[in-house]
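Engineer: let me see the structure of the following:
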Amino acid sequence: MAAADRQDKEGSESQPAGAATGSGRRLVFGATGYIGSHLVPQLLAAGQRVRAAARNPQLLEGRGWEGVEVVAADALRPETLAPALADVSVAYYLVHSMAAGSSFGELDRVAAQNFAQAAAAAGVERIVYLGGLVPDSASSAHIVSRRETGEVLRQGSVPVTELRAGIIVGPGSAAFEVMRDLVLHLPIMTTPRWVFAQSPPIALDDLLAYLRKVAEIPQAAGKTFDVAGPEHLTYAEMMRQLAEVAGRRPPRIIAVPLLTPRLSSYWLKLVTAVPTPIARALIEGLREDYTADDQPLRELIPQPLMDFRSAVRQAFAAERDHAVAARWTEGALVFRGDRLDYSYYAKRASGSAIAHASPATLWAVITAIGGEQRYYYANTLWRLRELADRLIGGPGMNYGRRHPTALRPGDAIDSWRVLALEPEQRLTLWFGMRAPGAGVLEFAIEPEPEAGVERCRVTVTAYWHPAGVWGLLYWYAMAPGHLFIFPRLARAIARRAECREEREG
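Structural biologist: As a prediction, the model looks like this:
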């Protein structure tokens with residue numbers, strides 16, 4: 001155990017131990033994030049009353065969480081926290097600001113301070129925080145920020161239980177997805193020596209069980225625990241086992257002494273679709289070995305733990321068993337062409353416009369797209385893309401649809417296929433042309449009423465799950481066209497809906 005960890009644990013024990021909190025409401029703060037989105041169903045299955053908080057609660061609407069109260073809250077906006085924390089006994093703090101870029105450390109400290117103060121004012125009994133393992137020599141901004149966030153939370157009066165984890169093995173885990181993208185698309189890898197550093201990976205389900213159970217144990221209040229699986233493995237060993245479980249030949253790994261984690265992080269945009277600031281922060285934290293003393297937690301919460309190979313198998317099985325989503329959801333296998341080697345994280349481009357028209361009229365325009373109507377904007381560019389697809393043997397010039405206006409799931413619209421419909425809200429189309437990856441095009445309608453005026457925002461968004469380097473290069477080549485077309489397509493749909501309402505009086 002690192003000296004800093006021991007000091008944290010000894011210092012945190014001075015906080016008052018909380019009472020049992022098994023029956024109170026749980027707040028999952030950061031419910032759109034990787035851990036939060038998996039923790040909510042676990043708490044529901046355990047019979048807990050759950051409130052899910054996110055800066056953009058609309059992102060939670062497609063989750064299908066029956067009985068979950070969804071609220072908007074942002075730790076950087078203190079005025080939003082009181083409603084989220086009202087009548088909460090346990091608050092799971094699962095947010096970070098890595099995607100914000102170089103300033104994420106300061107943002108994390110401010111957010112944690114705001115949250116600790118608001119939790120105390122609301123009478124919260126316990127905060128459960130998921131941090132990261134911290135070596136003695138840690139210098140990575142990401143790792144240091146995770147440690148500092150726990151320290152700031154403990155400065156408040158609400159007892160904090162902190163779990164510190166290394167690599168989490170599960171679909172959507174940034175570290176796992178970086179490894180997947182590397183292993184399944186690079187036969188030869190030139191890496192820094194960090195590939196031989198060690199870490200104790202833990203299966204997602206094992207971590208979720210710890211998070212759920214630790215909140216119910218009074219002795220855990222005010223304590224910090226390491227969490228880990230049963231093995232300490234090098235990253236090279238993890239990548240080899242991941243490849244074997246996926247049925248692929250493990251990549252040849254060539255370690256180059258002069259290639260530092262910082263230098264290797266610069267080419268990540270061409271290797272993985274994991275958001276670059278997050279992937280870069282993770283890579284820069286791999287300079288040293290990570291160790292965990294998880295015996296105290298295992299004594300407090302005895303449970304079987306999966307080894308890395310079993311955790312990877314379960315991750316792949318979880319993706320295959322994922323229910324069909326009503327709208328695009330990050331990582332859902334149905335939107336990745338049912339391909340485990342297509343990136344979990346999607347690249348995206350969008351455009352939107354305001355229409356002074358009803359949702360019903362906008363829906364009628366959107367659902368008539370394709371076929372004889374074509375695409376309302378830049379049809380020459382659409383035809384050129386379709387022609388290019390036909391020249392390489394794709395279905396790009398298969399024009400037509402079953403009905404000129406009506407749609408149902410499974411319908412073909414030229415080379416697209418209807419994946420899902422939410423009438424007057426959302427249409428989700430599957431990209432059917434040949435390309436190195438899987439794509440989705442989604443049309444969304446959101447009412448934005450003004451006094452005495454009916455108006456809506458129509459948004460067109462493309463999501464692209466790349467297949468390795470070629471999939472990423474394809475996306476970057478198409479990006480200028482996306483930036484040009486989608487805002488104008490949204491405006492064309494809005495204007496067409498307005499004209500229709502004017503004609504119909």
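
Engineer: hmm, who's touching stretch 149-156?
Structural biologist: With contacts defined as Cβ atoms under 8 Å, 6 or more residues apart in numbering, stretch 149-156 is touched by 8, 11-12, 15, 93, 96, 108-109, 111-113, 115-117, 119-120, 127, 129, 131, 160, 162, 222, 224. C-betas here are computed from N, CA, C, even on glycine.

Engineer: list the buried residues for that stretch?
Structural biologist: Within stretch 149-156, the residues scored as buried using 16 or more other Cβ atoms under 10 Å are Thr149, Gly150, Glu151, Val152, Leu153, Arg154, Gly156.

Engineer: Leu186: which of the residues you listed is nearest?
Structural biologist: Using Cβ to Cβ, Thr149 is the member of the buried residues of stretch 149-156 that sits closest to Leu186, with 33.3 Å.

Engineer: and the closest one, that one's in a strand?
Structural biologist: No: according to DSSP: H, G, I helix; E, B strand; the rest coil, the state of Thr149 is helix, so it is not within a strand.

Engineer: please tell me how far it sits from Ala221.
Structural biologist: Taking Cβ to Cβ, to the nearest Å as the measure, Thr149 falls 18 Å from Ala221.

Engineer: number of nearby residues for Arg426?
Structural biologist: Neighbour count of Arg426, defined by other Cβ atoms under 10 Å: 21.

Engineer: the helix or strand hosting Phe443 pairs with which strands, parallel or anti?
Structural biologist: Using DSSP states H and E, Phe443 sits within strand 437-447. In the sheet, strand 437-447 lines up against strand 426-431 (antiparallel), strand 456-466 (antiparallel) (DSSP bridges).

Engineer: now that strand: buried residues?
Structural biologist: Quick answer for strand 437-447 (16+ other Cβ under 10 Å): Gly437, Ala438, Gly439, Val440, Leu441, Glu442, Phe443, Ala444, Ile445.

Engineer: if we can go back for a sec, between the buried residues of stretch 149-156, which sits nearest Ala46?
Structural biologist: Closest to Ala46, out of all of the buried residues of stretch 149-156 and judged by Cβ to Cβ, is Leu153, at 23.8 Å.

Engineer: I'd like the next helix or strand past the helix or strand containing that closest one.
Structural biologist: Assigned by DSSP H and E, Leu153 belongs to helix 141-154. Moving toward the C-terminus from helix 141-154, the next helix or strand (DSSP H and E) is strand 160-165.

Engineer: quick check, distance from that next one to the centre of its chain.
Structural biologist: 21 Å (Cα atoms, centre = their mean, to the nearest Å).

Engineer: per-domain residue ranges of the chain.
Structural biologist: Domains of the chain are assigned by automatic domain parsing as 3-166+200-228+284-320, 333-504.

Engineer: and the last one, how far apart are its ends?
Structural biologist: In terms of Cα to Cα, to the nearest Å, the two terminal residues of domain 333-504 are separated by 42 Å.

Engineer: ok, stretch 66-80 next?
Structural biologist: So stretch 66-80: terminal residues 23 Å apart, Cα to Cα.

Engineer: and if you look at stretch 43-56?
Structural biologist: From its first residue to its last, stretch 43-56 covers 21 Å (Cα to Cα).

Engineer: then stretch 329-338?
Structural biologist: By Cα to Cα, one end of stretch 329-338 lies 14 Å from the other end.

Engineer: kindly report the same for stretch 443-458.
Structural biologist: Start-to-end span of stretch 443-458 (Cα to Cα) is 7 Å.
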